[in-house]
Every structure is written in structure tokens, then in C-alpha cells.
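Colleague: Provide a 3D model corresponding to the input given below.
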Amino acid sequence: MSIKVLVVGGVAGGASTVTRARRLSEDAEIILFERGEFISFANCGLPYYIGDEIKNRDDLLVTTIELLQDRFNIDVRTFNEVVDIDKEKKEITVNNLKTNETYTESYDKLVLCPGGQPIKPPLESINLDSVFTLWTIPDSDIIKAYIDKNKTKSAVVIGGGFIGLEMAENLIALGLEVTIVEMLDQVMPPVDFEMASIVHSHIIDHGCHLHLSDAVDSFHKKGSKTVVKTKSGAELETDMVILSIGVRPNNELAKISGLEMGERGGIKTNKNMLTSDPNIYAAGDVVEVTDFISGQPAMIPLAGPANKQGRIVADNIFGRNSTYKGTQGSAVVKVFEMTVALTGNNEKSLKRNNIPYIASYTESGSHAAYYPGARMMNIKLLFAPDDGKILGAQIVGMDGVDKRIDIIATAIRAGMTVYDLEELELAYAPPFSSAKDPVNMAGFVASNILRKDVENIHWNEVDSIDHNTEKLLDVRDNEEIEIYPILEGATHIPLNELRKRLGELDKTKTYNIYCAIGLRGYIAYRMMVQNGFKCKNISGGYNIYMAQKGKLKVASSTIPD
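Modeller: Numbers count the residues shown, from 1 in each chain. Below is the predicted model of the structure:
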């Protein structure tokens, strides 16, 4: 018996739904409605098209109308906006945006994949012709045309998230002077502050101005310039503005139809992606997902999960019991030569959900140090204090970051622990890795903590230590001290001299040991505690501590450890 499936919205979730549906049923009648011109395009590639990194606009088209019609026999209706759902009659109302005619279409199963849209807060003069958002191919066309027509020299990017950073990089590549305005004290809100701090210096080094801890208040024109006024009273004159302050779900259709909604505005679904109506499914940026780590409801708009959800919807429509097990938020972004990647929960999320955790830091080379071109990467690992289950990871570096975050993302999905990271057998050759891969190293360090082979202190605790009872001990080499001076009040004894000079130290004090990245600090810790000293190792060492103060470029560091 033939079934009629209507899908509202294309791009990731909708396009995946209809193609999977056709592969499962040659008999089904499948209609895809899209209110825009393009049914499936590379949203994530738009900044690179604007920056001329991607030359050909058509390369952004993931799936064309012709492909869906010819290969998959899908009835594709672009410029057709679904404006209402009658759940009792099982039919939708559609407005043809070209003819302005309205018609109805019945369904057996309906799938909502309308995605999201950029947030545009009700700020004064936000609709100026020099203020833009970037979400669709037409958006990118408008921005490119504006830059070319007006010979644009400067831009202010509002928001330091994924799209904001990518846009800043690509506008600078076009020769524009760029300022990023971010209301938080860091860019990349999904990573923790100290990891984002590593990125700050890199952004500034590439000529981009950072205006942190300040929100936009209004816009106004001053001759040919646009003035961005902030809450602090600063006025930034520029030629154009890119708004990149977040995404909200396109939930209007679901709301008026009476479907159950989550607190954050996403459509509620069960594990089969079924909404509160037994004949309506939903997928993509419009749905509320379950956070894989915390089990709490969340809005995490990512292309990978949207594609998977579309497949799951189609499976369930055609009798396959397929479930979505949650989103862990794996993501990666290029920031000039740097790569920032994350998976699982950050510290902020773990604290908010009262999930116990331990954090550890490692800094490792992208491949064997003796093979030319190795670059350092910083890994922050978050794990459970009882069993070592991995809860999240953040990596900042130059080369090989994407490979390592994918390994840890897979480990999280498999429910693995930091002990498992120690044992992972990963491919090694000098151009690609080290015999002890950075992932293994992260596992070694975390496991040492759980086995109580070391007691750590973190970067945000250093400034508050009681210097009457505790001391700082710097075990870096002399030549390092010449470049990066010791911390105030610290005693300096190079690690290789420490065993012979233990008599210079006071056993009534607790020593907080640091080196560049933590490894020599750990070795010094093991040496000292076995000689009767009370010690702690500063996790991540001097580099992480100084990075959060904006005084060290950690990811490009070549300091030996």
C-alpha cells in the first residue's frame, strides 16, 4: 500500500529524509516543500565563498532539484511555504510564493525540517542596508555584492561563535579591517575560557581587533559609515556589519499547529523523532535534542545530527525502529591557521547540570618532534572522578586537531574511560603522530590523577594560594626563563638539578610545581613526594596559566618539555 509523505524544508534534515525514504520505498509519494530557492546547500561553506576560498558558487549546492527529481523521483516544490497544518484532516496549507496562490495537500506522514534562522534582536536601526546576517546562499550573494559595489574597507562582526570567526577570517582575507564584538569575555562560547584565551592571541596576531565583554546597543549612520554603539558606550565606525549572535529554530509552524514545544523553543520529539502528534515527525535545527552527556534537553544546531535524524525519521515511517541517542556537540572550526575542536560537555555545562568532573590538560606535538613541522596542540579532557568516563574534550592547535577530537568523540559515544585512552592503539609514523599519540598522552595524564599518582592544582587557583604555607616551584630550564620569566614569588630549580638540590626546599611548605606544559612538573612531583615533600602539580603548566592572561601563544609553542 502506497504512503504519502510530505517534508517541510530541505537542507540537511529534509534532504536526508526524502532520499532515505525513497531508498526504502519505491512506491511512496514523496513531496518536498521549500520556501526558498535551494533545497540543499552547504551552509557551513558560505563564509569561505564570501572570502573567495570557494570560487564556484555552484559548489555549495549539495543536492539539486534535478537530482532529487531524476534520481529519487521526489516531487520538489521550491518557493512553496507551508503556512498551516490541520492535524485532524491530516493536510497542510501551502502558499506558492511565486503565484501567491494557496492550496492544500493531504498526507499520511508529515516531517518538519524548517531549520533555524539567525537571531536579530530588536536593536535600533538593525535593519540598515549595511547590517547583514549570513544563513543562506542569497545572503552570501547580497554580502559579496555589497562589498564589491561599495569597495568596502572595514567590517564589524557581532558575535565570536563559529560563523562570526569564520566570517572575520574571510573578510580579512579580502583585505578588510575587521573587529569582532562579543558580549562574553571570550570567543567560541562552547569551549572553556582558558582554551578560548589561546585563540584570542592568534586572532589578534592576524590583524583582527577583539572587543570582548561588551554587547551591541544600537546602530546608526554617520555619513557613509555605520556606527556600532555598544553597552559600554564605545562607538565603532565601519563600512558594514555582520550579525552572528546565534540561531533560533523556525518553530512558528509547529507552534500554531499545537505541537508540544521545549523550553528553548525546539519541537519536542521522542527517540524515534516523532512529535506529540502520531503522524508528524521533526528533524534538524528545529528540534530539541537530548544532550548525550547530561541527558538534559538542549538545542544544538549541527549538520551532522540533522542528517542522521532525517535518516531515522525515514526509517521509522517505513517500519524500521530506528532511534536517535542524543547529540554530544562534536564540532570543529578553522580560525586562520589554528583549529579549535570540541566534543561532549564543557565545564560550564557540567557545573550547570551538577555533574561531578575532573579536568586535565596536556600539550603534545602533532607528530614526532624529530620529523620537521611538528606543531603543539593543547587538549583539555573532562572526565568522571569515580570511573574515569570521558565527559568532554576541547583541543586547540594547528595540525592534527580534527583527527584527535574525532577519536575522543568516538570514545565518548562508546562510553569509554580515560583508562581506555591509554590503551588505544593508534596509527603511528613520524609524519603523522608519535608512538605516544596526543590522545594516549591525555589518557595517561588523566589516569595518573585517578590513580592518585599526582595531585593537581589548576590555572584559576594559582593566584589564590596562601604564600605563607605554599610555594611556587618552577622546574623549567634556564634558557626558558630568559624568554618567559618565572612567576612572582616562585623558586626556580631546573628539573635536572632538582634531586641534588632538594635540601634547599622547606618540607613544612606545600610546593605548587610547574614547568611549561605539565610533564616535567609531574616528574618533579613524583620525585619530591617520594622524598617526603607535600606537592601539587599545576595542570597544563606555565603555558595554560599565562595563556588565560593573554601573555602566551600556547598552541604555537615549541618549548621542549
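
Colleague: pull out the buried positions in stretch 291-306.
Modeller: For stretch 291-306, the buried set under the neighbour-count rule, 16 or more other C-beta atoms under 10 Å, comprises 291-294, 298-303, 305-306. Any C-beta I mention is one placed from the backbone N, CA and C, and that applies to glycine too.

Colleague: quick check: phi and psi on the spatially most central residue of the chain?
Modeller: The centroid of the chain falls nearest to residue 331 when counting by C-alpha atoms, centre = their mean (4.3 Å). Per-residue torsions, residue 331: phi -150, psi 160 (degrees, to the nearest 10).

Colleague: beta partners of it?
Modeller: Beta bridges link residue 331 to residue 342, judged by DSSP bridges.

Colleague: after the host helix or strand of residue 92, next one along is what?
Modeller: Here residue 92, judged by DSSP states H and E, is contained in strand 91-96. Per DSSP H and E, the first helix or strand lying C-terminal to strand 91-96 is strand 101-106.

Colleague: buried ones in that next one?
Modeller: In terms of neighbour count (16+ other C-beta under 10 Å), strand 101-106 has its buried residues at residue 105.

Colleague: cool, and stretch 37-52?
Modeller: 38-43, 45-51.

Colleague: can you check stretch 412-429 too?
Modeller: Under the neighbour-count criterion of 16+ other C-beta under 10 Å, stretch 412-429 has 412-413, 416-422, 426 buried.

Colleague: ok, now stretch 343-354?
Modeller: Across stretch 343-354, burial judged by 16+ other C-beta under 10 Å covers 343-347, 349-350.

Colleague: what do you get for stretch 485-502?
Modeller: If you call a residue buried by 16+ other C-beta under 10 Å, then stretch 485-502 has these buried ones: 486-487, 490-495, 498.

Colleague: related to what we said a few turns ago, in strands, which of the buried residues of stretch 343-354 appear?
Modeller: Of the positions in the buried residues of stretch 343-354, 343-344 sit in strands, assigned by DSSP state E.

Colleague: next, count neighbours for residue 374.
Modeller: Neighbourhood size, residue 374 [other C-beta atoms under 10 Å]: 20.

Colleague: next: residue 200.
Modeller: Per other C-beta under 10 Å, the neighbour tally for residue 200 reads 22.

Colleague: for it, what is the enclosing helix or strand?
Modeller: Secondary structure assignment for residue 200, by DSSP H and E: helix 193-205.

Colleague: and that helix, what does it pack against?
Modeller: Counting contacts by 3 or more C-beta pairs under 8 Å, 6 or more residues apart in numbering; DSSP states H and E, helix 193-205 is packed against strand 209-211, strand 331-335, strand 338-344, strand 376-383, strand 390-397, helix 541-547.

Colleague: for those, which one sits closest to residue 358?
Modeller: strand 376-383 (5.8 Å; C-beta to C-beta).

Colleague: note down every partner strand of that closest one and its orientation.
Modeller: Sheet pairing of strand 376-383 (DSSP bridges) gives strand 358-365 (antiparallel), strand 390-397 (antiparallel).

Colleague: and residue 542, what does it touch?
Modeller: 474, 476, 484, 487, 514-517, 552 (C-beta atoms under 8 Å, 6 or more residues apart in numbering).

Colleague: what about those, which are in strands?
Modeller: Applying DSSP E to these, the entries found in strands are 474, 514.

Colleague: tell me the one of the contacts of residue 542 nearest residue 126?
Modeller: Checking the contacts of residue 542 against residue 126 with C-beta to C-beta, the nearest one is residue 552 at 38.0 Å.

Colleague: on that earlier part again, ok, of the buried residues of stretch 485-502, which one's closest to residue 185?
Modeller: residue 487 (22.3 Å).

Colleague: distance of the closest one from residue 521?
Modeller: Residue 487 sits 13 Å away from residue 521 when distances are taken as C-beta to C-beta, to the nearest Å.

Colleague: wait, what's in contact with residue 379?
Modeller: Contacts of residue 379 by C-beta under 8 Å, 6+ apart are 361-364, 393-395, 404, 438-439, 441-442.

Colleague: who wins for neighbours among those?
Modeller: If you count neighbours using other C-beta under 10 Å, the busiest of those is residue 395, which has 30 neighbours.

Colleague: can I assume that one is in contact with residue 344?
Modeller: No: between residue 395 and residue 344 there is no contact under C-beta atoms under 8 Å: 11.8 Å.

Colleague: residue 230: which of the helices and strands packed on helix 193-205 is closest?
Modeller: Set against residue 230 and scored by C-beta to C-beta, the helices and strands packed on helix 193-205 come closest in strand 209-211, at 7.2 Å.

Colleague: just the pLDDT at residue 40, thanks.
Modeller: The model reports residue 40 with a pLDDT of 80.

Colleague: identify the bridge partners of it.
Modeller: Here residue 40, judged by DSSP bridges, has bridge partners residue 63.

Colleague: helix/strand/coil for residue 180?
Modeller: Classification of residue 180 using DSSP: H, G, I helix; E, B strand; the rest coil returns strand.

Colleague: run a quick neighbour tally on it.
Modeller: Neighbour tally, residue 180, other C-beta under 10 Å: 24.

Colleague: please apply the same query to the one 10 residues further on.
Modeller: By the measure other C-beta under 10 Å, the count of residues near residue 190 is 21.

Colleague: verify the stated contact: it with residue 330.
Modeller: No: the pair residue 190 / residue 330 is not scored as a contact, 10.5 Å apart, by C-beta under 8 Å.

Colleague: strands of the stretch 151-300 of the chain, start to end?
Modeller: 154-158, 177-181, 209-211, 216-222, 225-230, 235-238, 240-243, 247-249, 280-282, 289-290, 297-298 (DSSP state E, counting those that start in this stretch).

Colleague: any regions of the stretch 1-150 of the chain where pLDDT drops low?
Modeller: Applying pLDDT under 70 to the stretch 1-150 of the chain flags residues 1.

Colleague: can you give me the helices in it?
Modeller: In the stretch 1-150 of the chain, the helices defined using DSSP state H, counting those that start in this stretch lie at 13-24, 46-50, 65-72, 137-150.

Colleague: looking at these, which is closest to residue 217?
Modeller: Comparing the helices of the stretch 1-150 of the chain against residue 217 with C-beta to C-beta, the closest turns out to be helix 137-150 (23.4 Å).
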